[in-house]
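Novice: sequence first, then the predicted structure, then my questions.
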Amino acid sequence: MKSISLKIFTVLLVIFVGSCQGNSKSETATTVDNASKELVDNQIQVIQFHSENRCMTCNKIEALALETLKSYPELQFQLVNVDDAKNEQLSEQFEATGTALFLYNSATKQKLDLTEFAFMSAGNEAKFETELKKEIEKFIN
C-alpha cells in the first residue's frame, strides 16, 4: 500500500512541477535575476531555478523563500532562469531544468534539493517558513 501511495504521489508531483513550465511570466518586482554573478565562495546560498514562463506556485516559492531569508541576512539568494543561455552551466551543475529550490554551500560544494518540499508547502506560508528555517539550520550546522 505504501508503494502505491508513493507512486501516486510521485506522479502527481511530476505533473504539478511540469505544469509550471508553460504558464504566465513572473511579475515579481522585488527580485532581480542575478545568476550572472558567480556563486560566491565560502557562502551558503539559496538558489531558486525557474523557467522563462512561471506559474503562481513558482512565484509563491520565490516570495516565501525571500520572506524567510529576512531572518538570515547573511545568506545570499540567487534567482536563476534556466532558459537563459548564460545560466546553462549552473543549471547543468544542479541538474535543474525548471523550477527547483536548493541550499548550496560554495565552500564544500554541498547541495540540498528542497524542490519537493517547496512545492508541497507553498500553499501554507507558516509551514513553508518553519520548515525552510529548519532545513537551513541543519544545513549550516
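Specialist: Arrived safely.

Novice: this structure: strands as residue ranges?
Specialist: Taking DSSP state E, the strands of the chain run over residues 44-50, 76-81, 100-105, 110-113.

Novice: partner strands of the shortest one, parallel or antiparallel?
Specialist: When sheet partners are counted by DSSP bridges, strand 110-113 sits next to strand 100-105 (antiparallel).

Novice: equivalent analysis for the first one, please.
Specialist: With DSSP bridges as the test, strand 44-50 is paired with strand 76-81 (parallel), strand 100-105 (antiparallel).

Novice: tell me which of those sits most buried.
Specialist: Of all those, strand 100-105 carries the top mean neighbour count, a mean of 21, counting by mean count of other Cβ atoms under 10 Å. Where C-beta positions appear, they are placed from N, C-alpha and C, glycine not excepted.

Novice: I'd like the average pLDDT over that one.
Specialist: Strand 100-105 shows a mean pLDDT of 96.

Novice: chain center to that strand: distance?
Specialist: Computed by Cα atoms, centre = their mean, to the nearest Å, the chain-centroid distance of strand 100-105 equals 6 Å.

Novice: ok, residues contacting that strand?
Specialist: 39, 43-49, 61, 65, 94, 96, 110-115, 117-118, 135-136, 139 (Cβ atoms under 8 Å, 6 or more residues apart in numbering).

Novice: about what we covered before: distance to T130 added to the strands paired with strand 44-50, as JSON lines?
Specialist: Formatted as JSON lines, those follow (distance: least, Cβ to Cβ, whole Å):
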{"stretch": "strand 76-81", "distance to T130": "18"}
{"stretch": "strand 100-105", "distance to T130": "15"}
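
Novice: next one: the residue sitting nearest the centre point of the chain from A85, what distance?
Specialist: The centroid of the chain falls nearest to L101 when counting by Cα atoms, centre = their mean (1.7 Å). For L101, the distance to A85 under the criterion Cβ to Cβ, to the nearest Å works out to 22 Å.

Novice: residue contacts, I61?
Specialist: By Cβ under 8 Å, 6+ apart, the contact set of I61 is Q48, T99, L101, A118, F119, A122.

Novice: where does this structure have its least confident helix or strand?
Specialist: Among the secondary structure pieces of the chain, namely its helices and strands, helix 2-19 has the lowest mean (mean pLDDT, DSSP states H and E), a mean of 51.
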